[in-house]
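S.K.: Pasting the sequence and the predicted coordinates here, then a few questions.
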Amino acid sequence: MKKLFRQTCALTALLTTVAFCACSPSGGDELKEYMNPVFSPVFADPCIIRADDGTFYAYATEDYGNYGGVDKIGYLPILKSENLVEWDYVGDVFSESTKPSWGSDKGGTWAPDIIKIGETYNLYYSLSVWDDGNPGIGVCTAASPEGPWQDRGMILSSETTGVNNSIDSYTFTYGDGVYMIWGSFHGLYMIELNTDGLSVKDGSKPVLIGGSAKSSDFEAAYMIEKDGYYYLFLSLGHCCLGIESTYYVNVVRSRSPLGPWEDREGNSLLNRGTLGELVVKGSEEVMGPGHNCAIQDDNGDWWLVYHAYETKYVLGNYGSSPRRSLFIDKILWDEDGFPYLEGYKASYGQTEVPYIAEK
């Protein structure tokens, strides 16, 4: 079987304002435990890639937060880490002056997604405002995951594809092709890109893979492969209401990354009402977990990386911005081979760190 080749995910970080604990119970220097969130107060809609030297890099939605000890807008802020739980801010993909303006109303840069094709890093972003009539997805490129980044413009929009709310991309390679999945509460779609991943392939049209054009219950698709199955994670509910957020994550699977996608009972994601299997939902301590990615440690274990709200922050806000912090948790697998988090909730105490081999 052809395999899915991708080095991505979402992750978390450590800065001066982070409520973070990384402990060695034995008193030694080896890091053995961490505590969520691993980056706060704001790092929403994360994605991740591991560079050739083993360093992890994470990217997040444009937002107002604390980056490098400074309260400011991060224009797709970038973090890096050697162990997936301790993070350093290294800059932004864009600045106020270089931020793309090809979209309607000069919207925000949201929901980054990164992949390496050949020697080039392609970072995809959504350009949108709330209730945008014509949002779209663009791409920028760099020779290094830290940049500098060159914007390559729009790949698709709601007008060019006929797909409402064209945001939240996930791009992957399969065989000789490059494919993008995208969509937010108006169906999930897939389209083939050119081999450099910078434009839609001539003649390629959007293919509906989940929900319907009129309505669906999910967004922010993300895929991993394990034991001959491809797992498509989906975020459902409302992302951005602080501790009142209803966001949660479900999953469906397929024998091919091109679908069809089914739940545990074999029901198609194209059937209205098929929402998949639960991965993580809100809890007393943590609400609104979602917009995830996933990455493997050096033991081969998968880790879910996502944003969520700590309920101890009553308003759920940081200044004028929703306080969506970064979380990471180990993925477990049930007897039918479906992924989930322990207790179907975010960990909120001392937790064993991912295994990362020494360089």
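M.R.: Ah, there it is.
S.K.: where does the stretch 251-359 of the chain dip in pLDDT?
M.R.: Low-confidence regions of the stretch 251-359 of the chain, defined here as pLDDT under 70, cover residues 314-321.
S.K.: Report the secondary structure state of E335.
M.R.: Going by DSSP: H, G, I helix; E, B strand; the rest coil, the secondary structure assigned to E335 is coil.
S.K.: K80: neighbour count?
M.R.: Number of residues near K80 (other CB atoms under 10 Å) recorded here: 19. C-beta coordinates here come from the backbone N, C-alpha and C atoms, glycine included.
S.K.: Which strand residues bridge it?
M.R.: Note on K80: beta-bridge partners by DSSP bridges are Y57, D88.
S.K.: Show the contacting residues for L236.
M.R.: D217, F218, E219, Y247, Y248, V249, N250, L275, G290 (CB atoms under 8 Å, 6 or more residues apart in numbering).
S.K.: per-residue confidence for it?
M.R.: You'll see L236 listed with a pLDDT of 97.
S.K.: and what of C21?
M.R.: C21 is assigned 48 on the pLDDT scale.
S.K.: With D132 instead?
M.R.: Reported pLDDT at D132 in the predicted model: 77.
S.K.: one step back: can you put the contacts of L236 in JSON lines and add distance to D71?
M.R.: Converted to JSON lines, the contacts of L236 look like this (distance: CB to CB, whole Å):
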{"residue": "D217", "distance to D71": "35"}
{"residue": "F218", "distance to D71": "33"}
{"residue": "E219", "distance to D71": "29"}
{"residue": "Y247", "distance to D71": "25"}
{"residue": "Y248", "distance to D71": "30"}
{"residue": "V249", "distance to D71": "29"}
{"residue": "N250", "distance to D71": "35"}
{"residue": "L275", "distance to D71": "38"}
{"residue": "G290", "distance to D71": "25"}
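S.K.: Just send the residues you listed back as JSON lines, with neighbour count and distance to D45 too.
M.R.: Converted to JSON lines, those look like this (neighbours: other CB atoms under 10 Å; distance: CB to CB, whole Å):
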{"residue": "D217", "neighbour count": "17", "distance to D45": "18"}
{"residue": "F218", "neighbour count": "26", "distance to D45": "14"}
{"residue": "E219", "neighbour count": "24", "distance to D45": "10"}
{"residue": "Y247", "neighbour count": "26", "distance to D45": "11"}
{"residue": "Y248", "neighbour count": "21", "distance to D45": "15"}
{"residue": "V249", "neighbour count": "28", "distance to D45": "13"}
{"residue": "N250", "neighbour count": "23", "distance to D45": "17"}
{"residue": "L275", "neighbour count": "19", "distance to D45": "21"}
{"residue": "G290", "neighbour count": "30", "distance to D45": "9"}
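S.K.: Out of those, which is nearest to G282?
M.R.: Out of the contacts of L236, the one with the shortest distance to G282 is Y248. That distance is 6.5 Å, counting by CB to CB.
S.K.: number of nearby residues for L258?
M.R.: Using other CB under 10 Å as the criterion, the residues surrounding L258 number 17.
S.K.: quick one: it and Y230, what's the gap?
M.R.: According to CB to CB, to the nearest Å, L258 stands 9 Å off from Y230.
S.K.: who touches both of the two?
M.R.: Common neighbours of L258 and Y230, counting by CB under 8 Å, 6+ apart, are absent.
S.K.: among the contacts of L236, which are in strands?
M.R.: Assigned to strands by DSSP state E, the following of the contacts of L236 qualify: F218, E219, Y248, V249, N250, G290.
S.K.: list the contacts for the fifth one?
M.R.: Counting by CB under 8 Å, 6+ apart, N250 makes contact with F218, F233, L234, L236, L275, G276, E277, L278, V279.
S.K.: okay if I get the residues you listed as CSV plus distance to L127?
M.R.: Listed next are the contacts of N250 as CSV, based on distance: CB to CB, whole Å:
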residue, distance to L127
F218, 21
F233, 23
L234, 22
L236, 24
L275, 28
G276, 28
E277, 32
L278, 32
V279, 28
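S.K.: And the strands in the stretch 101-250 of the chain?
M.R.: Listed in chain order, the strands of the stretch 101-250 of the chain (DSSP state E, counting those that start in this stretch) span residues 108-117, 120-128, 136-142, 150-157, 170-174, 177-182, 188-193, 207-210, 218-226, 229-236, 248-254.
S.K.: list the buried ones in stretch 158-173?
M.R.: Within stretch 158-173, the residues that qualify as buried by neighbour count (16 or more other CB atoms under 10 Å) are 158, 161, 163-173.
S.K.: Go through stretch 145-158 and flag the buried ones.
M.R.: Applying a neighbour-count criterion of 16+ other CB under 10 Å, one finds P145, E146, G147, W149, D151, R152, M154, I155, L156, S157, S158 buried in stretch 145-158.
S.K.: Output that stretch as PDB, nothing but the C-alphas.
M.R.: Output for stretch 145-158, consisting of C-alpha atoms alone and laid out as PDB, is shown next (Å, rounded to 0.1, in the frame of the first residue of the first chain):
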ATOM      1  CA  PRO A 145      11.200  26.200   9.000                       C
ATOM      2  CA  GLU A 146      12.200  29.500  10.600                       C
ATOM      3  CA  GLY A 147      11.900  31.400   7.300                       C
ATOM      4  CA  PRO A 148      12.300  33.900   5.900                       C
ATOM      5  CA  TRP A 149       9.000  33.300   4.200                       C
ATOM      6  CA  GLN A 150       7.900  34.300   0.700                       C
ATOM      7  CA  ASP A 151       4.200  34.700   0.100                       C
ATOM      8  CA  ARG A 152       3.100  32.900  -3.100                       C
ATOM      9  CA  GLY A 153      -0.400  34.100  -3.000                       C
ATOM     10  CA  MET A 154      -3.800  32.500  -3.200                       C
ATOM     11  CA  ILE A 155      -4.400  28.800  -4.100                       C
ATOM     12  CA  LEU A 156      -8.200  28.800  -3.900                       C
ATOM     13  CA  SER A 157     -11.100  30.700  -2.500                       C
ATOM     14  CA  SER A 158     -14.800  30.200  -2.100                       C
END
